[in-house]
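Q: just to be clear, the model below is a prediction. Sequence and coordinates:
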Amino acid sequence: MRQYSSAEYEELDVLNRYTNNLIEGLENSPDMSNQLKNNIMQQDNNINKMERAIQSKDDELERKMQRSIMQEKEIEYKKKLITTRDRMLQLSQEKNVYKGKVMYTLLAIIIFLVCIMLAVYIYFSKK
């Protein structure tokens, strides 16, 4: 049998330890594989929860956006309605001013005619 030197023994020892580590790693790989699978599944579940939360927020924002658009349309409609009613009020006031002028003019004409009739009556009654 051949005698090995101490360096060769050390090299054999290192190779033996390396081989044992590889064997241990292979024996533990199903556990690591299961652990990795569990971690991946847990991360996948977390991602799914986040996606559902994001989708929920997105739906909520979409509803709020639609409500905001409807409110803006209502505001525009009411602004147009107020503008129309304001113009109608202005026209009504202008008509009232015109009618007031016509009434005062007719009243002035009637008073003028009464004054002329009085003057004529007084003038002819003195003669």
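A: All right, it came through fine.

Q: what are the boundaries of the helices in this structure?
A: In the chain, the helices defined using DSSP state H lie at 6-126.

Q: measure the most centrally placed residue in it to residue 57 for me?
A: Nearest residue to the geometric centre of the chain (CA atoms, centre = their mean): residue 65, 3.6 Å. Per CB to CB, to the nearest Å, residue 65 is found 12 Å from residue 57. All C-beta spots, glycine's among them, are computed from the backbone N, C-alpha and C.

Q: list the residues that contact residue 35.
A: By CB atoms under 8 Å, 6 or more residues apart in numbering, the contact set of residue 35 is empty.

Q: pLDDT wise, what is it at?
A: Looking at residue 35, its pLDDT is 73.

Q: and the one 4 residues further on, by the same measure?
A: Listed pLDDT for residue 39 reads 76.

Q: ok, now residue 14?
A: Residue 14 is given a pLDDT of 74.

Q: for it, give me its contacts.
A: With CB under 8 Å, 6+ apart, residue 14 has no contacts at all.

Q: for it, give its distance to residue 7.
A: Distance from residue 14 to residue 7, by CB to CB: 11 Å.

Q: ok, now residue 64?
A: 77 Å.

Q: check residue 114 too.
A: Distance, residue 114 to residue 7, by CB to CB: 148 Å.

Q: what do you get for residue 72?
A: Counting by CB to CB, the gap from residue 72 to residue 7 is 87 Å.

Q: now residue 98
A: Residue 98 is 125 Å from residue 7, where distance means CB to CB.

Q: over to residue 117?
A: The separation that residue 117 has from residue 7, given CB to CB, amounts to 153 Å.

Q: over to residue 13?
A: Distance from residue 13 to residue 7, by CB to CB: 11 Å.

Q: got it, and residue 46?
A: 53 Å.

Q: where in the chain is pLDDT low?
A: Residues of the chain meeting the criterion pLDDT under 70: 1-5, 8-9, 25-33, 36, 127.

Q: now with 80?
A: 1-40, 44, 127 (pLDDT under 80).
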